[in-house]
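How does the following fold in three dimensions:
(chains A, B and C)
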Amino acid sequence: MIKVVDLHKSFGKLQVLKGVNEHIAPGECVSIIGPSGGGKSTFLRCLNLLETPDAGQIFLEGVEITGKNIDINLHRQKMGMVFQLFNVFPHLSVKENITLAPVLLKKKTPAEAEDMAMSLLNRVGLVDKADEHPGRLSGGQKQRLAIVRALAMEPDVMLFDEPTSALDPEMVGEVLDVIKSLVKDGLTSVIVTHEMGFAKEISDRVLFMDSGVIAEEGPPNEVFNHPRNPRTHEFLSKVLY
Amino acid sequence: MSFTTVFENIAKIMAQYWDVFLIRGVSMTLLLSVITVFFGSILGSLFALGRRSRFAPLRFLIVAIVEVIRGTPILLQLYVGYFIVPQILSFAKVSDFTSISIALVINSAAYVSEVIRSGIQAVDKGQTEAARSLGLNGRQTMLKIVLPQAIRNILPALGNEFIMVIKETSLASTFFIGDLMTSYLTVKGRTYLSLECLIIVGTIYFILTFVLSKLVGLYERRLKSRD
Amino acid sequence: MKKVFAFALALTLLVLCMAGGVAEEKKVLTVAMSPDFAPMEFVDTSKSGQDQYVGFDVTLAKFIADELGMELEIKAMSFDACQTAVQTGAVDMSISGFAKTDERAENFCLSDFYYTRDNDTQQVIIVKAEKAGTFSTAEDFAGMTIAAQDASLQFNLCSTQLPASCTIKPFKDLGDSVVALMSDRVDAVAVAYSNGQSIIANNPSVGFSGFEFVVDDDQKNNVILMNKTSTELCEKVNAALAKAKENGLYSGWYEEAEALAGIETAKEVTIED
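Model prediction:
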């Protein structure tokens, strides 16, 4: 589904990605863990070109989206993204947040989009908020809205950038539950997270990123219980208790 | 100088010249301000748009215009408008009013373009990223996501620009354009009662701007309460 | 997007231009003046358009335009701007009570003198009413602060004829200097006699000091400013001025202007020596 070859990215003099290679299969759920500044978010943001890589290639379903003459907007429609700070649209109602992109990009008629919005809101328990503005939602509700907003484009893959980091602890669960149910339905997902228990439970594969490279990868059981790389070991011993 | 004399003189002046101040002066000041802010907003929006253009010379030109306008006294710009614009547009026979308006409009546009630019910048970058990640292109993102939010920052600032412009149009009296300050010059020029005339026009300017700033404040509160 | 941009820009300019109106075919004599100087040039607030400008200089301008067979158009602007307007060629001339100075002679083409009336050759000093008439010589002003319009004939006279102990304070505007006098910021104001009359008519708390400057013939009267390059026009203007003087028109014009400005000409104010 996604293939990444020798990805490099620097911000000024700071080298953030130093040659990342990765292959994500359809239906797979991949969690990315690692210390802050290790390049996790930058890697994720490179996948849909919110950050432009300096070197390397990214293939989405066989098409090189880092190539020239690519309409990146078309490819972004196939990748949903959920942000740490929700980034819901405050000037639109909850329902409009969901219907805006599918209607504007001609994926759906307004009526179809509305039907879908309501069923998505139903799925995440926000039907009664459909006509409210996001200003009235809690953090957890905003993030659930952000998730279904991305789902409304019917993406082939979902990218989650620390989806629960900005939430109050009591709201983390409701968001993780939504993500879990998506993964269970077989949606290809890449999740940058600090929730180790969640990553362990849900992932098919875990990537440990440190200093701009994937330092270790494998099934959650192996990475969490028998890390081979000393840096993984050190990191996990700090975050697991 | 006794205050009673001043007040007596003010009463005397107002009895004879009230229409010069309240009707001619006020209406011309308001007309000039409305024209300035209206066309200034249009041109200022175009400036703001041009500053985001991919065509570098256009960007450079607009930045240069904005910086020169903001960095020079408006009186100087009015001189340029009055003496040079008619020569450039000699085919069109521009009137004094038009050439002064053009100078005021360009001046206002420079400030408005900054207001718009900062209004757009004040919209969280995450909004753009969210929109782009959904597949919206740059233009759709600007029109559907960024601008509607920026407007809320921009409109109250435009109201304040209007208040500024009302005061700035007073400099147009250098060319006896007929605004409130021209009324002052006119009446003062034949009565030689400067202080009294200044108090009169000062009071009128204050009432105009005070009422407007209250209206802008009211509008701002309404915007906030909608969030 | 670029087309929208260009279109909107063109539209804005077009609308602004249309407000300018259509070109006029008749030969027009454009004259700049600063109509805040009664009775020389001021605004009749009951009228509008060109008719609102009245005063001695306006009558003179009309006379000159008639002599030249042209239509008069007055352009009102500040005193400073009048000079800029002549220099840039935005107007044909400026008639605005200009005194002859060396600097002006250098930068402009100046007409011959024109006169208001006989006693207007007088340059005087006004003071608060309670001190009126108590001054007779320049020494009487020793140590005082005297206001005069910046770059004016009066300012030159103050600096050359008043004692060195005087402080001479330039004002941009004659009206402002009167305010300064009434609020005791200055002790006296140097003015042309005619302006002094206008001021006193409106401010009973001001009076003539009794002192009068010694004025050379060269400094006595006003000139018309024209562009350095307008020598031909200058000749025609001088011919018109000569005709006005010959026919004794100046005094009548001046009385008319005074009447319009509300100065009681009947009650002739004389300067006591």
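
hey, where'd the helices end up in chain B?
Using DSSP state H, the helices of chain B run over B:3-19, B:26-51, B:56-71, B:74-83, B:85-88, B:96-121, B:125-133, B:138-140, B:147-168, B:180-191, B:194-226.

how about TSV for the ones you listed, with mean neighbour count, distance to C:Ala85 and mean pLDDT added?
Yep, even glycine has a C-beta here, placed from its N, CA and C like the rest. Formatted as TSV, those follow (neighbours: other Cβ atoms under 10 Å in any protein chain shown; distance: least, Cβ to Cβ, whole Å; pLDDT from 0 to 100):
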stretch	mean neighbour count	distance to C:Ala85	mean pLDDT
helix B:3-19	14	27	89
helix B:26-51	21	21	95
helix B:56-71	14	23	95
helix B:74-83	19	7	93
helix B:85-88	16	11	85
helix B:96-121	23	11	94
helix B:125-133	20	51	96
helix B:138-140	13	47	93
helix B:147-168	19	22	92
helix B:180-191	26	16	91
helix B:194-226	15	24	90
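
Those helices: which one's closest to C:Ala142?
Smallest distance to C:Ala142 across those (Cβ to Cβ): 28.0 Å, for helix B:194-226.

Determine if any part of the closest one is in contact with chain C.
Yes: counting by Cβ under 8 Å from any Cβ of the partner chain, chain C has neighbours in helix B:194-226: B:Ser194, B:Leu195, B:Cys197.

Which elements pack onto that helix?
Contacting helix B:194-226 under the criterion 3 or more Cβ pairs under 8 Å, 6 or more residues apart in numbering or on different chains; DSSP states H and E are the following elements: helix B:3-19, helix B:26-51, helix B:147-168, helix B:180-191, helix C:174-182.

Of all these, which one is nearest A:Ala111?
helix B:147-168 (23.3 Å).

got a list of what B:Leu136 touches?
Going by Cβ atoms under 8 Å, 6 or more residues apart in numbering or on different chains, B:Leu136 touches A:Asn73, A:Ala101, A:Leu104, A:Leu105, B:Lys144, B:Ile145.

Relative to B:Val63, which of the helices and strands packed on helix B:194-226 is closest?
The closest of those to B:Val63 is helix B:26-51. By Cβ to Cβ, the value is 6.6 Å.

What helix or strand is the residue in chain A positioned nearest to chain C located in?
Using Cβ to the nearest Cβ, the closest approach of chain A to chain C is made by A:Asn73 at 16.7 Å. Secondary structure from DSSP states H and E places A:Asn73 in helix A:72-76.

Return that helix as CSV; C-alpha atoms alone will do.
Provided in CSV are the C-alpha atoms of helix A:72-76 (Å, rounded to 0.1, in the frame of the first residue of the first chain):
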residue,chain,number,x,y,z
ILE,A,72,-0.9,15.5,-4.8
ASN,A,73,-4.4,16.6,-3.9
LEU,A,74,-5.8,13.5,-5.6
HIS,A,75,-3.5,11.2,-3.6
ARG,A,76,-4.2,13.0,-0.4
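
Redo the helices of chain B as a markdown table? Include distance to A:Thr164.
As requested, these are arranged in a markdown table below (distance: least, Cβ to Cβ, whole Å):
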| stretch | distance to A:Thr164 |
| --- | --- |
| helix B:3-19 | 69 |
| helix B:26-51 | 38 |
| helix B:56-71 | 41 |
| helix B:74-83 | 54 |
| helix B:85-88 | 61 |
| helix B:96-121 | 29 |
| helix B:125-133 | 16 |
| helix B:138-140 | 29 |
| helix B:147-168 | 25 |
| helix B:180-191 | 61 |
| helix B:194-226 | 30 |
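
does A:Pro3 sit in a helix, a strand or a coil?
Residue A:3: Lys, not Pro. The three-state assignment at A:Lys3 reads strand, by DSSP: H, G, I helix; E, B strand; the rest coil.

Check what pLDDT it gets.
Predicted confidence (pLDDT) for A:Lys3: 95.

Show me where the stretch 151-273 of chain C has its helices.
C:153-161, C:174-182, C:193-202, C:217-220, C:231-246, C:250-261 (DSSP state H, counting those that start in this stretch).

any weak-confidence spans in the chain?
Because you didn't say which chain, this covers chain A. Low-confidence segments of chain A, defined by pLDDT under 70: A:241.

wait, I meant chain C there
C:1-26, C:116-121, C:217-220, C:263-273.

where along it do the strands fall?
Using DSSP state E, the strands of chain C run over C:28-33, C:42-43, C:53-54, C:71-76, C:93-99, C:109-110, C:123-128, C:145-149, C:167-171, C:188-192, C:206-212, C:222-226.

For stretch A:133-151, buried residues please.
A:133-134, A:137, A:139-151 (16 or more other Cβ atoms under 10 Å in any protein chain shown).

center of chain C, which residue is that?
Central residue of chain C (Cα atoms, centre = their mean): C:Gly97, 2.9 Å from the mean position.

who's in contact with B:Ser41?
Going by Cβ under 8 Å, 6+ apart, B:Ser41 touches B:Ser108, B:Ala109, B:Val112, B:Leu158.

so the third one makes contact with B:Gly40?
To tie it back to what came earlier, the one meant is B:Val112. Yes: B:Val112 is within contact range of B:Gly40, at 5.3 Å (criterion: Cβ atoms under 8 Å).

shared neighbours of these two, which are they?
Common contact partners of B:Val112 and B:Gly40 (Cβ under 8 Å, 6+ apart): B:Glu161.

ok, which of the buried residues of stretch A:133-151 also contact chain B?
Answer for these near chain B (Cβ under 8 Å from any Cβ): A:His133, A:Ala146, A:Arg149, A:Ala150.

Now the second one. Nearest residue, chain neighbours left out?
Computed as Cβ to Cβ, 6 or more residues apart in numbering or on different chains, the closest residue to A:Ala146 that is not its neighbour in sequence is A:Phe86, at 4.8 Å.

next one: the last one
Excluding its sequence neighbours, the residue lying closest to A:Ala150 (Cβ to Cβ, 6+ apart) is A:Gly80, at 3.1 Å.
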